[in-house]
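J.: missing the sequence, but the structure's below:
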């Protein structure tokens with residue numbers, strides 16, 4: 001449900017009020033104005049009603065409808081002057097005048113004056129339920145705004161310039177993983193389309209152009225989002241032949257030539273006979289947040305989510321009353337950290353229209369949204385928002401700052417209280433160790449301590465670099481598998497941004513250190529953080545039944561040799577038993593301990609000793 005102003009002119013002539021009778025000549029003008037109103041010819045009706053008011057300033061009904069027409073057509077100052085005149089008549093049933101006057105004062109950031117109007121509104125005995133709810137909400141807005149404006153944030157909103165912004169509506173802007181391509185929606189005179197602008201070396205943008213003829217049509221397209229690896233573009237399209245509702249979510253896959261291909265209606269589970277729009281896909285492509293007015297929500301437009309499972313998209317789940325209100329929510333943006341949601345709302349306390357908010361996901365669900373404050377939010381609408389992976393910069397849509405058009409895109413620095421957990425985009429490339437030719441692999445990225453999975457998919461079919469977003473303050477386990485190659489085990493530290501892995505072809509004698517197998521100190525007890533590595537190793541062996549491998553245990557040179565020998569044997573055996581529990585055939589695996597006899601690094605330093613304490617597998621036979 002939208003917050004609305006109550007317009008009175010459609011019913012004003014039915015009110016039975018004691019007021020000045022109009023002379024016959026003026027009455028004719030007045031009745032003609034009514035006909036113009038009913039025909040939605042508002043400019044013509046305004047001219048006629050101004051004549052009536054000039055000759056009969058105490059005729060309340062004509063002044064009421066004139067005030068509402070000013071409001072409807074955007075003449076806020078004239079509307080407010082007219083509502084203030086109506087207040088002087090002190091008509092006990094006209095509570096809606098105070099509601100509309102308060103809204104107009106909020107648009108001017110006169111929160112003290114608006115507060116008085118909403119307080120007066122709530123004293124009326126004949127309030128409708130909606131007017132009472134709206135009055136309470138606006139009063140909460142005034143209370144919030146007066147307090148928030150005491151401590152504004154130091155934020156510089158920078159208009160993105162006339163290569164991006166036009167006299168029309170620009171919104172929902174975001175940069176891709178490279179940071180070089182700005183995608184956004186532009187609504188012109190007759191339709192809405194998705195545009196792209198390339199970032200120049202000086203930080204400004206080239207002249208924007210339509211994203212693709214495959215995407216944009218004569219109907220409306222907008223509200224786009226791209227998966228973290230850049231393969232899939234999700235967007236909103238309306239009134240297409242295959243639409244299930246008025247607007248649906250579509251997906252387009254990037255082709256080998258780098259352009260997005262023919263889009264498909266996403267899924268009947270997500271797209272309903274109602275209205276679906278403004279998708280935001282998580283960086284791993286597994287969770288989609290979107291808007292819908294389908295039944296089961298809390299207001300008008302609510303934020304829902306769906307998770308991509310092996311069987312397809314899950315039944316959408318409403319994010320609940322912590323996020324959604326009885327009014328409208330809009331423009332969800334799921335930050336790549338996987339735990340921070342930015343969105344717009346007309347229902348949470350703010351500066352009057354739609355404001356931008358942030359909520360963080362905790363163990364108990366989404367926490368209470370925080371208003372992003374002034375000057376990011378103001379008395380007018382703020383809607384689309386995008387925050388960079390590192391969380392310190394962003395792009396937003398606003399119509400309440402000096403604009404080139406109706407709504408414009410602005411860049412800004414994110415105040416620290418509203419920043420997400422820092423993340424970063426990382427480039428992974430896999431090549432043949434002998435030929436250096438790029439190859440596609442099944443890549444798995446996990447955080448071993450929490451056992452959180454961040455990527456589990458095949459890399460680009462042409463072997464191009466895969467761009468993946470992960471938190472920047474953790475170390476991750478990396479596993480890669482490809483037919484005909486020895487599987488890869490490695491770690492990726494937050495100080496890195498690129499990783500090229502040379503995959504070894506399957507040959508007798510080739511070996512790999514299992515860098516993500518962890519033991520308790522001086523023990524053969526395998527820690528739970530090793531689970532993901534063991535699962536991948538078991539999968540690799542069962543997928544290659546022709547292989548027989550030796551599980552090798554190695555230690556550093558600290559301590560007695562016989563103790564090190566025994567520990568290395570026990571650790572190798574412990575992994576052997578784990579693989580047997582995962583049904584790896586007995587004839588594929590053997591184990592042996594080497595103690596400290598085969599170091600791969602200097603035992604004189606702790607980093608070297610750490611490398612020497614390892615489990616490895618070596619191909620000892622390949623059966624025909």
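T.: That came through, no problem. Remember, it's a predicted structure, so these values are computed and weren't measured experimentally.
J.: How far off centre is the helix or strand containing residue 536?
T.: Residue 536 is part of helix 531-543 when elements are defined by DSSP states H and E. How far helix 531-543 lies from its chain's middle: 34 Å, per CA atoms, centre = their mean, to the nearest Å.
J.: go on, stretch 87-94?
T.: 46 Å.
J.: contacts for the worst-scoring helix or strand of the chain on mean pLDDT?
T.: Across the helices and strands of the chain, mean confidence by mean pLDDT, DSSP states H and E is lowest for strand 466-471: a mean of 78. Here strand 466-471 makes contact (CB atoms under 8 Å, 6 or more residues apart in numbering) with 177-178, 228-230, 283-284, 336-337, 389, 421-429, 443, 445, 447, 454-455, 459-460, 476, 492, 494. Where you see a C-beta, it was placed from the backbone N, CA and C, and this is true even at glycine.
J.: Those, buried ones only, as a PyMOL selection?
T.: Applying 16 or more other CB atoms under 10 Å to these, the buried members can be selected in PyMOL as follows:
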select buried, resi 177+228+229+230+283+284+336+337+389+421+422+423+424+425+426+427+428+429+443+445+447+454+455+459+460+476+492+494
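J.: how about the helices in the stretch 101-250 of the chain?
T.: In the stretch 101-250 of the chain, the helices defined using DSSP state H, counting those that start in this stretch lie at 111-121, 129-148.
J.: my guess is residue 593 contacts residue 565, does it?
T.: Yes. Look at residue 593 against residue 565 with CB atoms under 8 Å: they come within range, at 5.8 Å.
J.: Just want to know which of the two has more residues nearby.
T.: Between residue 593 and residue 565, counted using other CB atoms under 10 Å, residue 593 has the larger neighbour count: 20 against 17.
J.: for the more buried one, what are its contacts?
T.: Contacts for residue 593 (CB under 8 Å, 6+ apart) come out as 552, 553, 565, 566, 567, 568, 569, 570, 571, 572.
J.: Most neighbours out of these, which is it?
T.: Going by other CB under 10 Å, residue 553 tops the contacts of residue 593 with 28 neighbours.
J.: What strands flank whichever helix or strand that one is part of, and is each parallel or antiparallel?
T.: Using DSSP H and E, residue 553 sits in strand 547-554. Here strand 547-554 is paired, per DSSP bridges, with strand 589-593 (parallel), strand 614-622 (antiparallel).
J.: unless I'm mixing things up, residue 119 is touching residue 139, no?
T.: Yes. With contacts counted by CB under 8 Å, residue 119 reaches residue 139, the gap being 6.7 Å.
J.: Comparing these two, which residue is more hemmed in?
T.: Ranked by neighbour count (other CB under 10 Å), residue 119 and residue 139 place residue 139 first, with 19 against 14.
J.: And for the more buried one, nearest residue in space, chain neighbours not counted?
T.: Once flanking residues are discounted, residue 139 sits nearest to residue 118: 4.2 Å by CB to CB, 6 or more residues apart in numbering.
J.: contacting residues for residue 247?
T.: Residues near residue 247 by CB under 8 Å, 6+ apart: 220, 236, 237, 238, 239, 275, 276, 277.
J.: List the residues that contact the last one.
T.: In this case it means residue 277. 222, 223, 236, 247, 249, 290, 291, 292, 301.
J.: mind listing what the first one touches?
T.: When contacts are counted by CB under 8 Å, 6+ apart, residue 222 is found next to 171, 172, 185, 187, 192, 193, 194, 235, 236, 277.
J.: Any stretches of the stretch 351-500 of the chain with poor pLDDT?
T.: For the stretch 351-500 of the chain, the stretches with pLDDT under 70 are 400-401, 463, 494-496.
J.: What segments of it are strands?
T.: Taking DSSP state E, counting those that start in this stretch as the criterion, the stretch 351-500 of the chain contains strands spanning 355-362, 365-366, 370-371, 382-387, 393-398, 408-413, 423-432, 442-447, 452-458, 466-471, 476-481, 488-492, 498-503.
J.: Would you reformat these as JSON lines and include distance to residue 323?
T.: What follows is the strands of the stretch 351-500 of the chain, written out as JSON lines (distance: least, CB to CB, whole Å):
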{"stretch": "strand 355-362", "distance to residue 323": "6"}
{"stretch": "strand 365-366", "distance to residue 323": "6"}
{"stretch": "strand 370-371", "distance to residue 323": "12"}
{"stretch": "strand 382-387", "distance to residue 323": "15"}
{"stretch": "strand 393-398", "distance to residue 323": "19"}
{"stretch": "strand 408-413", "distance to residue 323": "23"}
{"stretch": "strand 423-432", "distance to residue 323": "21"}
{"stretch": "strand 442-447", "distance to residue 323": "26"}
{"stretch": "strand 452-458", "distance to residue 323": "23"}
{"stretch": "strand 466-471", "distance to residue 323": "23"}
{"stretch": "strand 476-481", "distance to residue 323": "30"}
{"stretch": "strand 488-492", "distance to residue 323": "33"}
{"stretch": "strand 498-503", "distance to residue 323": "36"}
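J.: Residue 409 touches residue 170, doesn't it?
T.: Yes. Residue 409 lies in contact with residue 170 (CB under 8 Å); the separation is 5.1 Å.
J.: Compare those two and say which one has the larger neighbour count.
T.: Between residue 409 and residue 170, counting by other CB under 10 Å, residue 409 is the more crowded of the two (29 against 25).
J.: ok, back up a step: what's the overlap in contacts for residue 409 and residue 170?
T.: Common neighbours of residue 409 and residue 170 (criterion: CB under 8 Å, 6+ apart): 164, 184, 397.
J.: what's the nearest residue to the second one once chain neighbours are set aside in contact with, if anything?
T.: Put plainly, it is residue 184. Excluding the flanking residues, the one nearest residue 184 by CB to CB, 6+ apart is residue 173, at 3.8 Å. Neighbouring residues of residue 173 by CB under 8 Å, 6+ apart: 160, 164, 182, 183, 184, 384, 386, 395, 396, 397, 409.
J.: Would you mind listing the two of those residues that lie farthest apart?
T.: Using CB to CB, these span at most 14.6 Å, a distance reached by 183 and 396.
J.: With neighbour numbers in mind, choose between the two.
T.: The residue with more neighbours, out of residue 183 and residue 396, is residue 396; 29 against 21, by other CB under 10 Å.
J.: which ones are touching the residue nearest to that one when sequence neighbours are not counted?
T.: Spatially, and ignoring its direct neighbours in sequence, residue 396 is nearest to residue 385 (4.7 Å; CB to CB, 6+ apart). Neighbour list for residue 385: 331, 333, 342, 343, 344, 356, 394, 395, 396, 397 [criterion: CB under 8 Å, 6+ apart].
J.: Extract the residue ranges of this structure that are flagged as low pLDDT.
T.: Checking the chain against pLDDT under 70 turns up 1-20, 92-93, 400-401, 463, 494-496.
J.: So it: which segments form each domain?
T.: 158-418, 423-622 (automatic domain parsing).
J.: Span of the longest one from start to end?
T.: This points to domain 158-418. Domain 158-418 has an end-to-end distance of 19 Å (CA to CA, to the nearest Å).
J.: on that earlier part again, take the contacts of residue 247 and keep only those in strands.
T.: In this view, the contacts of residue 247 that belong to strands under DSSP state E are 236, 237, 238, 276, 277.
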